[in-house]
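In: generate a structure from the sequence data that follows.
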Amino acid sequence: MPGYNALPLELLAEEFAKLPGIGIKSAQRLAYSIISRPQEEVKAFADALLAAKRDIHYCPCCQNLTDLKLCPICADGERDKTTVCVVEGPKDVSALERIGEYNGVYHVLHGLISPIDGITPDKLRIRELLARLNQGEIREVIMATNPTVEGDATAMYLAQLLEPLGVKVTRLAFGLPVGGTLEYADEVTLFKALENRTAM
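Out: Numbers count the residues shown, from 1 in each chain. Prediction:
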């Protein structure tokens with residue numbers, strides 16, 4: 001492209017490269033794609049980014065992402081509010097919802113305990129979970145963190161924390177490979193894991 005200013009293109013590629021899973025080659029392709037699009041498409045893309053950042057927030061109940069006062073799951077009067085499924089992130093909620101068999105609610109931690117990465121329990125949404133439990137409505141907490149070292153450590157930490165509260169704590173009976181993630185599991189595997197959860 002003769003005559004283009006290299007600096008804005010490089011800056012754009014650098015911004016894309018900051019996103020998870022985007023290497024420098026992919027970032028450069030995305031940057032070139034953006035500058036080759038019509039002005040109105042680029043503006044719509046930029047507006048969508050700004051609107052998402054402005055309007056999406058944590059659900060005050062489950063900590064999932066939503067643009068509503070309460071997320072649709074928490075707002076659904078048909079859901080079983082006595083059972084809470086604890087997951088690492090919003091993508092795990094989507095994965096479990098795809099199977100269509102779980103009728104409880106969720107709690108999103110937004111991470112896992114990982115001291116080596118500087119992620120300690122106080123950096124997760126654990127206080128919010130305890131506040132929900134103190135309301136007395138919850139009878140079972142399902143630990144649905146991934147079967148990784150961090151996922152298991154987080155589940156064990158929470159199980160010990162919740163034990164004095166008298167709530168039943170279970171763990172998914174993973175038919176998933178060790179080191180696997182909920183996000184990429186098929187629906188049958190997820191359903192079996194949910195169905196065969198075990199006490200912790």
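
In: just the endpoints, please. Distance across stretch 17-31?
Out: Start to finish, the residues bounding stretch 17-31 are 10 Å apart (C-alpha to C-alpha, to the nearest Å).

In: flag every buried residue along that stretch.
Out: Applying a neighbour-count criterion of 16 or more other C-beta atoms under 10 Å, one finds 17, 27-28, 30-31 buried in stretch 17-31. Heads up, the C-betas are built off the backbone N, CA and C, glycines and all.

In: now distance to R79 and pLDDT too, for those, in TSV please.
Out: Converted to TSV, these look like this (distance: C-beta to C-beta, whole Å; pLDDT from 0 to 100):
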residue	distance to R79	pLDDT
A17	40	94
A27	40	94
Q28	44	94
L30	38	95
A31	43	93
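
In: which neighbours does the longest strand along the chain have in its sheet, and in what orientation?
Out: If you go by DSSP state E, the chain has its longest strand at strand 80-87. Using DSSP bridges, the strands paired with strand 80-87 in its sheet are strand 104-108 (parallel), strand 140-143 (parallel).

In: which parts of this structure are strands?
Out: 57-58, 65-66, 80-87, 104-108, 140-143, 168-171, 198-199.

In: of all these, which one is nearest L49?
Out: Proximity to L49 (C-beta to C-beta) singles out strand 65-66 among the strands of the chain, at 14.8 Å.

In: and the closest one, how far out from the chain's middle?
Out: With C-alpha atoms, centre = their mean, to the nearest Å as the basis, strand 65-66 stands 10 Å off its chain's centre.

In: which elements pack onto it?
Out: On a contact count with 3 or more C-beta pairs under 8 Å, 6 or more residues apart in numbering; DSSP states H and E, strand 65-66 meets strand 57-58.

In: ok, residues contacting stretch 125-139?
Out: By C-beta atoms under 8 Å, 6 or more residues apart in numbering, the list of residues contacting stretch 125-139 from outside reads 58, 61, 63, 81-84, 86, 107-110, 141, 158, 161-162, 165, 167-168.

In: and the buried ones among those, selectable in PyMOL?
Out: To isolate the buried members of the contacts of stretch 125-139 in PyMOL, using 16+ other C-beta under 10 Å:
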select buried, resi 58+61+63+81+83+84+86+107+108+109+110+141+158+162
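
In: and of the buried residues of stretch 17-31, the nearest to E150?
Out: Of the buried residues of stretch 17-31, the one sitting nearest to E150 (C-beta to C-beta) turns out to be A17, at 24.9 Å.

In: low-confidence ranges in this protein?
Out: In the predicted model, the chain carries pLDDT under 70 at residues 1-6, 174-180, 188, 192, 198, 200.
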